[in-house]
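Trainee: Next comes the sequence, and after it the predicted model I'd like to discuss.
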Amino acid sequence: MSRSARSSVKWWHSIFLAVAYAAVLYVPSDVRATETIDNFALSPEQLLNATVTSVSKTSEKLIDAPAAIFVLSNEDILRSGATSIPEALRLVPGVQVARDNAGIWAVSVRGFNGSLDDKLLVLIDGRPVYDPLFAGVYWDIQDMVLEDIDRIEVIRGPGASLWGANAVNGVINIITKKAKDTQGNLASVTAGNQNGIVEERYGGKLSDNGFYRVYAKYVDRQDNQTPTGANAHDGQVEDRSGFRADWKGTGDANDDFTFQGDVYRSDAGQIRTVPILNSSARLTTAEDLLSRGGNMLGRWTRTLTDDSKFTMQSYMDYTGRDQELLKDQRSTFDVDAQYELPQMDRHKIIVGGGYRYSVDSLTSPTPLVTFTDIGEKTQLFSSFVQDKITLVPKDWFLTLGSKLEHNDYTGFELEPNARLQWHIDDQQMAWSSVSRSVRTPSRLEEALHIVQAAVPGVSLDTLPNPSLNSEELIAYELGYRRQWTRDVSSDVATFYNVYHGLSTFTFDGLFAGTNPARTILALSPTNSTSASTWGGEVATDWRATDQWKLSASYSLLIMELHGPAGDIAGGQEPETQSPNHQINLRSQWDITKDLSFDTMFYYVSEVPDYNVKKTFRLDTRLGWRIMDGLQFDLVGQDLLDPHRHEIIMPGNVQVAPTDINRSVYGKFTWRF
Amino acid sequence: MAVLRIFLAGWLYVATTFLPVAAHADDSLQLAEQEIKAGLLYNFLKYTQWPPASMERLPKIIVCIFGDDPFGGYLQPMSGRTVNQREITIHSVHDISDALNCHLLFINASEKDSWPQLHNFLKGKPVLTVSDFSGFATSGGMIEFGRKDSHINVEFNAQAAAAAQLQVQDRLLRLVTVVHPASIEGGR
C-alpha cells in the first residue's frame, strides 16, 4: 500500500470512529431510548391522535410502474442462498451474470456483458457505485449484511431520464432497510468449502423517533483453480463495517433524516500474464487486487403533503484500488435535490438537480500503462424534470421527462423519455416507452495508454482518445403486466434497442515509441460501431398454496453489431458474449412452520465468445428454524457440476480463466 | 481533499444540529399507518362483545386477514396476546367459506372486488368486518379505517354490527364516526 493510500484509509477510519463515537454519545442522552412503543398497549385515544409517519409507497407503485421492473425482496435474497449481491442477481430476468472468479463478477442487463460492462448503473441507497475509470462496477467491493437489504429493484432498459448518463441498459437499485426495521442483534456465521463469513449487526434506538444500526462483516472466499488444475489465486478476503441512523425532525414539519456510511478493505486476486516490452517473453504473476474505501451519505426528506415531498441528499465516497498495472484513487462529492410537487389538475411533476465533483489520481508501477494526466478533477451538473400527465383519469397516463446534464468530457447531454401507460382494468396494465440515453466516455478510453502485447521491437498498444464521444442508445419498449388470479401474475417486457457511436478499437497507425524505442501498432477507441439488440423477458409468479411459491422466467436477447471491418471491441465479439436464452425456475416451499426448502434452477444458453457452453445450474437451500431467533441454512450451489468456468476472456491472454468450484455451506443466524 | 473537509464540516454541523433535537423529540406519538391500524384492531377486540354462542364455539379470538397481509409485520405481534382472557390467533384466509370461523375479519383493500360476495355470505353472522378501502362502511362493512390529514379516522356502521349481534362499547364508539343506517340507505 502506498503512503498516501495508507493515510486515506487512516483518514476514513478516523471519520468512522468519530461518527460511531458521536452516535454512542447521543444514545444515553435520552432515557426514553430504553422504552419501546407497544402499539397494542396504547389507548384508542392515543392511536387516533397519533401522527401517521410517511410510509413508503414505493413497493406499491412498482406494481403500476410503466417500466420493466423486477424486485428481489429481502426474503428472495436470503432464500436464494446467495452470499454476495451479484450472486442474488442471477434470479432476475434479463440480467446476465457471469462469475470471473471467487470475487470478480461480470453483470449486465440486456447484453454487452463483460467484466468491464459499462452500460449499467448500480446504486446503493441512492449512491452510484459505478467507477468512472472504466464506467463499470467493481462487484468485489459491493457488499453489506445481506439481511439488512430491504430489496433490490432492477430496471431493465434506460433509466437515464431520472438517473442520468450511464443508466443505459439498466439500473440496479439496492435499498437497505431503515434502521427501525433492523433493531436488535443479528449475528451469523457461514462456513463451507468456498466461503467463510462472519457478520454482526446491532440496531438500537436514539429516541422515540430515532433509530440506528452498526455492523461489521468479514468474508473469506477460497481459491478456485484454473482449467488446467493449477491454483487460480482468486481467493478474496474482505472486511467492512458501517452504520445507518434514521430519525425524525421535531416541530410541525414532517422531516425524516438518514445518515449512513461504510468503510471496507478487500484483497481479491487473479493470475495475470503481462507482456514484457521488446521481448517475446511474458510475465505471469498471482496478482492481488487491493481495494479500500468508504462513503458517507446523508438524506433529508420533508413530506409536505400526502403526495408531495422535498428530498435533499449528499454523499462522499472514496475508492482506492491497487492492481499490478494500475493504482487508482478517487474521491467523489455529490449533492442532489428533488422536489415532488403535489398533483396539479392532470399533472404530477417531479423536478430535481444535482452536482458531482470527482477527483482521481492514477499511478502505474510499470511502463505498460501510462496516462495523459495523472489526476483529473471533473464536475457534473445535472437537472431533470418529469411530468406524469393523466390523459384519462385512472386509465391512461403519459409520462414525459428528461435529464439535462453537463459533463467535462462531452459537454451537454439530453436524455429524454416518453412513457405511455394504460390501466386496462384492475388486473391488467400495458405500457410503452421511447427513450434516449448515453454512456459518457470512461477515464480508460480518455486517458490510458496500455501495452497489450509485445515482441522485440514492436508492441500493440491501445491509445486514449480524448475526443471520444458518448455512446448513444435509443430504446423502444413495450410491456404488459397481468394479475390472472389472486395467485398468478405475469410480466412481459420487450425491447428494441438501437445504439450509435459504440466505442470500439480502430487501427490508428504506426508510431515510433520511446522508453524503450519500438514501433507501436496503435489501436484507439472510436465511435464507429453501431448495434441493434432486441428481445424480451417473461416472468410468472404462482403462489400454489400459502406454503409454496413458484416463479419462472425466460429471457431472450439477440444482438447485431455493425462496424467497419477490422474494428474490434478489445478483440471480442459482443454479439456472442451474452447468452441468447436464459431460463430461471424457482421454488420456495415452507414444509412446516420451521422448515423450508428452496430450489433454483438456471439454464443459460452458450456464450461462444467467452468459451462457455450451455449451462444447467441447480442451487438448493434447506432452512431450519431451530428455535425462536436461531436459524440454520444448508445451501448447495451449482450442484450439477463439480466446477465450471463462466467466462474466459477472448483475445485477452492477460487474465487466466478460473473454474469455480461447487459450493456447499452451512449458516447459523442468531437474532437476539 | 479540501472539498472533503468542507463536506465533513457540513455533516458535522448537520449531525450536531439535528441529533440532539431528535433525541429530545416532543411527546406526540408518531407511528406508521399500519402500526396505528393494528393497535386499533386490538382495541376493537377489547371493546367488542360477541354473542355467547360464537365465544363458546371458539376458545380463542380468531383474527383473519382476507387476502395478503397489508400490515407489514405490525399485526403479527398481536398473535399470542390475550384479550379479555382469550388468546388471539391470526389466520390468513383466501376462501370465503373460511371467513365464518373468524371473530374479526380484515379485508385487504386489494380484495375490494370480493367484498359484495363476502358481504352476502356473512350477512348477520357474528363476524366483525374491517377494511380500509373507501366506501366499505357504507356498503355493509362495519369498521372502515380512513385517513384525515396525518391521522387515522374510523367510520363505524352501527346497523351492520347490530345485525350481526355485535356490541361495541361506548368507550370506543364515542371516538369514532358512527355512520347511520338511514344515511346509508339515503345515500344510495
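Mentor: Nice, thanks for sending it over. Numbers count the residues shown, from 1 in each chain, chains lettered A, B, ... in the order given.
Trainee: So A:Tyr357 versus chain B, what's the distance?
Mentor: Going from A:Tyr357 to chain B by CB to the nearest CB, to the nearest Å gives 6 Å. Where you see a C-beta, it was placed from the backbone N, CA and C, and this is true even at glycine.
Trainee: Can you verify that residue is assigned to a strand?
Mentor: Yes - counting by DSSP: H, G, I helix; E, B strand; the rest coil, A:Tyr357 is part of a strand.
Trainee: so it sits right up against A:Gln379, yeah?
Mentor: Yes - if you go by CB atoms under 8 Å, A:Tyr357 and A:Gln379 touch, sitting 5.6 Å apart.
Trainee: okay, these two: which has more neighbours?
Mentor: A:Tyr357 (17 against 11; other CB atoms under 10 Å in any protein chain shown).
Trainee: which non-adjacent residue is nearest the more buried one?
Mentor: Sequence neighbours aside, A:Phe333 is the residue nearest to A:Tyr357 in space, at 4.8 Å (criterion: CB to CB, 6 or more residues apart in numbering or on different chains).
Trainee: and the stretch of helix or strand that neighbour belongs to, how far from the chain's centre?
Mentor: Assigned by DSSP states H and E, A:Phe333 belongs to strand A:327-340. Distance of strand A:327-340 from its chain centroid, counting by CA atoms, centre = their mean, to the nearest Å, is 16 Å.
Trainee: Strand partners (parallel or antiparallel) of that strand?
Mentor: strand A:308-322 (antiparallel), strand A:347-363 (antiparallel) (DSSP bridges).
Trainee: for those strands, which one sits closest to A:Ser207?
Mentor: Closest approach to A:Ser207 among the strands paired with strand A:327-340 (CB to CB): strand A:308-322, 22.0 Å.
Trainee: What mean pLDDT does that closest one get?
Mentor: Mean pLDDT, strand A:308-322: 94.
Trainee: can you map out the strands along chain B?
Mentor: Using DSSP state E, the strands of chain B run over B:30-32, B:48-49, B:61-66, B:82-83, B:86-93, B:104-107, B:128-131, B:143-148, B:151-157, B:167-168, B:177-179.
Trainee: Output these in CSV; the columns should cover mean neighbour count and mean pLDDT.
Mentor: Shown next, in CSV, are these (neighbours: other CB atoms under 10 Å in any protein chain shown; pLDDT from 0 to 100):
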stretch, mean neighbour count, mean pLDDT
strand B:30-32, 20, 76
strand B:48-49, 18, 90
strand B:61-66, 22, 92
strand B:82-83, 14, 86
strand B:86-93, 17, 89
strand B:104-107, 26, 94
strand B:128-131, 25, 94
strand B:143-148, 18, 88
strand B:151-157, 20, 90
strand B:167-168, 17, 90
strand B:177-179, 16, 87
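Trainee: Reformat these as a markdown table; add distance to A:Pro365.
Mentor: Shown next, in a markdown table, are the strands of chain B (distance: least, CB to CB, whole Å):
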| stretch | distance to A:Pro365 |
| --- | --- |
| strand B:30-32 | 54 |
| strand B:48-49 | 77 |
| strand B:61-66 | 63 |
| strand B:82-83 | 71 |
| strand B:86-93 | 62 |
| strand B:104-107 | 66 |
| strand B:128-131 | 68 |
| strand B:143-148 | 63 |
| strand B:151-157 | 64 |
| strand B:167-168 | 79 |
| strand B:177-179 | 76 |
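Trainee: Quick one: closest of those to chain A.
Mentor: strand B:30-32 (4.8 Å; CB to the nearest CB).
Trainee: A:Ala493 sits in which helix or strand?
Mentor: Assigned by DSSP H and E, A:Ala493 falls in strand A:488-513.
Trainee: mind checking how far the residue nearest the centre of chain B is from A:Arg346?
Mentor: Residue closest to the average C-alpha location in chain B (CA atoms, centre = their mean): B:Lys37, at 4.0 Å. For B:Lys37, the distance to A:Arg346 (CB to CB, to the nearest Å) stands at 32 Å.
Trainee: Same check on A:Ser382?
Mentor: With CB to CB as the criterion, A:Ser382 and A:Arg346 are 27 Å apart.
Trainee: what about the two, which has more around it?
Mentor: Shown here are A:Ser382 and A:Arg346; by other CB under 10 Å, A:Ser382 has more neighbours (21 against 14).
Trainee: Are we agreed that the more buried one is in a helix?
Mentor: No - A:Ser382 is assigned strand when assessed by three-state DSSP, not a helix.
Trainee: Now A:Glu200. Nearest residue, chain neighbours left out?
Mentor: Spatial nearest neighbour of A:Glu200, excluding adjacent residues (CB to CB, 6+ apart): A:Ala187 at 4.7 Å.
Trainee: What helices and strands are in contact with the host helix or strand of that neighbour?
Mentor: A:Ala187 is located in strand A:184-192, with elements delineated by DSSP H and E. Where contact means 3 or more CB pairs under 8 Å, 6 or more residues apart in numbering or on different chains; DSSP states H and E, strand A:184-192 is packed against strand A:195-207, strand A:663-671.
Trainee: Dump the last one to PDB, restricted to CA.
Mentor: It refers to strand A:663-671. Output of strand A:663-671 as PDB, limited to C-alpha atoms (Å, rounded to 0.1, in the frame of the first residue of the first chain):
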ATOM      1  CA  SER A 663     -20.100 -24.600  -3.100                       C
ATOM      2  CA  VAL A 664     -21.700 -26.100  -0.100                       C
ATOM      3  CA  TYR A 665     -22.100 -24.200   3.100                       C
ATOM      4  CA  GLY A 666     -23.900 -24.100   6.400                       C
ATOM      5  CA  LYS A 667     -25.000 -20.900   8.000                       C
ATOM      6  CA  PHE A 668     -26.200 -20.100  11.500                       C
ATOM      7  CA  THR A 669     -28.100 -16.900  12.100                       C
ATOM      8  CA  TRP A 670     -29.000 -15.600  15.500                       C
ATOM      9  CA  ARG A 671     -31.400 -12.800  16.200                       C
END
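Trainee: Compute the inter-axis angle for it and strand A:184-192.
Mentor: Inter-element angle recorded for strand A:663-671 and strand A:184-192: 160 degrees (by axes from the mean of the first three to the mean of the last three CA atoms, to 10 degrees).
Trainee: What strands flank the helix or strand containing A:Thr370, and is each parallel or antiparallel?
Mentor: Per DSSP H and E, A:Thr370 falls inside strand A:369-371. Using DSSP bridges, the strands paired with strand A:369-371 are strand A:448-455 (antiparallel).
Trainee: hang on, the earlier thing: the residue nearest to the centre of chain B reaches B:Phe71, doesn't it?
Mentor: Yes - using CB under 8 Å, B:Lys37 is in contact with B:Phe71, at 7.1 Å.
Trainee: so what sits against both of the two?
Mentor: Residues touching both B:Lys37 and B:Phe71 by CB atoms under 8 Å, 6 or more residues apart in numbering or on different chains: none at all.
Trainee: Apart from its neighbours in sequence, what residue is nearest the residue in the stretch 401-550 of chain A positioned nearest to chain B?
Mentor: Residue nearest to chain B within the stretch 401-550 of chain A: A:Asp546 (6.3 Å; CB to the nearest CB). Among residues not flanking A:Asp546 along the chain, B:Ser92 sits closest, at 6.3 Å (CB to CB, 6+ apart).
Trainee: Can you list phi and psi of the residue of the stretch 551-672 of chain A found nearest chain B for me?
Mentor: Using CB to the nearest CB, the closest approach of the stretch 551-672 of chain A to chain B is made by A:Asp628 at 11.5 Å. Main-chain dihedrals, A:Asp628, degrees, to the nearest 10: phi -50, psi 120.
Trainee: do A:Ser280 as well
Mentor: Per degrees, to the nearest 10, the backbone of A:Ser280 is at phi -90, psi -10.
Trainee: surely A:Ala286 meets A:Thr273?
Mentor: No - taking contacts as CB under 8 Å, A:Ala286 lies outside contact range of A:Thr273: 11.0 Å.
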